[in-house]
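**Q** dropping a prediction and its sequence here:
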Amino acid sequence: FPSLETARHEVAAVRDTSDLVIAVTHAGFQQDTFVANSVDGIDVIIGGHSHTALSPYYRSDSTGTVVVQAGGYLRELGILDLLFNRKTKKILRSNSRLVPLYESEYPPNPVVRRWANRLSKRVARALDERVAMSKATHLKSSESECVPGNLMTDAMRWSTGSEAAFQNSYGIRADLPQGPITLRTLFTMMPFDNTVVSMSL
């Protein structure tokens, strides 16, 4: 796993000047537990990607590192309680739990909802601008070439004048629908606000 070298390097850089070392990852439960069992000096790994609902947490027998992950899609809230000794910089006790987020029990906060509605109206004027038309629906694919991916990589080539372009297929988050194409459509397809980088090889 390439993450081992990175984890060891980063832990060594901050361990002596930190009370706690908490790694926030997006590599999946299998890789998180592998790092937890292989790298000394990480107190907690807060993970994602595999949408694993851990209750209770995973704790490495070899390093003591605690791994937590709270599933996915905002179905549950993960809570980790730590009893920490500031002098020794050691975790004395830990406990974790998952709280189901049923909408009937946790309705949207009215203040936040009003703020979000105002913000949505402000950005709608820009996002709903029509920029193109599509004669057919083109499906995204994570396993093979697809029209949305070709559109994205061609746009990179056109904008940089390069001969080749690459796009992470899992970064294509929506199909290209038939009909009017707006900036909202394109933002739904590419929501990560990535930066295009060109280089000579």
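**A** Happy to help now that I have it. Note that this is a predicted model, so its numbers are computed, not measured.

**Q** pull the CA atoms of stretch 153-167 into CSV?
**A** What follows is stretch 153-167, C-alpha atoms only, in CSV (Å, rounded to 0.1, in the frame of the first residue of the first chain):
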residue,chain,number,x,y,z
THR,A,153,-11.2,15.0,-21.4
ASP,A,154,-11.8,16.8,-24.8
ALA,A,155,-12.6,20.0,-22.9
MET,A,156,-9.2,19.6,-21.0
ARG,A,157,-7.4,19.1,-24.3
TRP,A,158,-9.1,22.1,-26.0
SER,A,159,-8.5,24.4,-23.0
THR,A,160,-4.8,23.5,-22.7
GLY,A,161,-3.8,22.7,-26.3
SER,A,162,-2.6,19.3,-25.1
GLU,A,163,-2.5,16.0,-27.1
ALA,A,164,-3.9,13.8,-24.3
ALA,A,165,-6.0,14.1,-21.2
PHE,A,166,-6.9,11.9,-18.3
GLN,A,167,-10.0,11.8,-16.1
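
**Q** can you list the residues that contact that stretch?
**A** 149, 152, 196, 198 (CB atoms under 8 Å, 6 or more residues apart in numbering). (Glycine included, C-beta is placed from N, CA and C.)

**Q** tell me how many other residues surround the last one.
**A** If I follow you right, that is S198. Neighbour count for S198, taken as other CB atoms under 10 Å: 11.

**Q** coming back round to it: how about the contacts of stretch 153-167 in a markdown table, adding secondary structure?
**A** Output for the contacts of stretch 153-167, formatted as a markdown table (DSSP: H, G, I helix; E, B strand; the rest coil):
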| residue | secondary structure |
| --- | --- |
| G149 | helix |
| M152 | helix |
| V196 | coil |
| S198 | coil |
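
**Q** any buried residues in stretch 151-162, and which?
**A** 151-153, 156 (16 or more other CB atoms under 10 Å).

**Q** who are the packing partners of the helix-or-strand element of the chain with minimal mean pLDDT?
**A** In the chain, no helix or strand scores lower on mean pLDDT, DSSP states H and E than helix 3-14, which sits at a mean of 92. Helix 3-14 sits against helix 29-38, with contacts defined as 3 or more CB pairs under 8 Å, 6 or more residues apart in numbering; DSSP states H and E.

**Q** tell me the bridge partners for I22.
**A** For I22, the beta-bridge partners under DSSP bridges are V44.

**Q** picking up where we left off before, with pLDDT added, can I get the contacts of stretch 153-167 in CSV?
**A** Formatted as CSV, the contacts of stretch 153-167 follow (pLDDT from 0 to 100):
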residue, pLDDT
G149, 96
M152, 95
V196, 94
S198, 94
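
**Q** could you report the separation of the nearest residue in space to L20 that is not next to it in sequence from A23?
**A** In space, and not counting its chain neighbours, L20 is closest to D43: 4.8 Å by CB to CB, 6 or more residues apart in numbering. To A23, D43 is 9 Å away according to CB to CB, to the nearest Å.

**Q** that'll do, ta.
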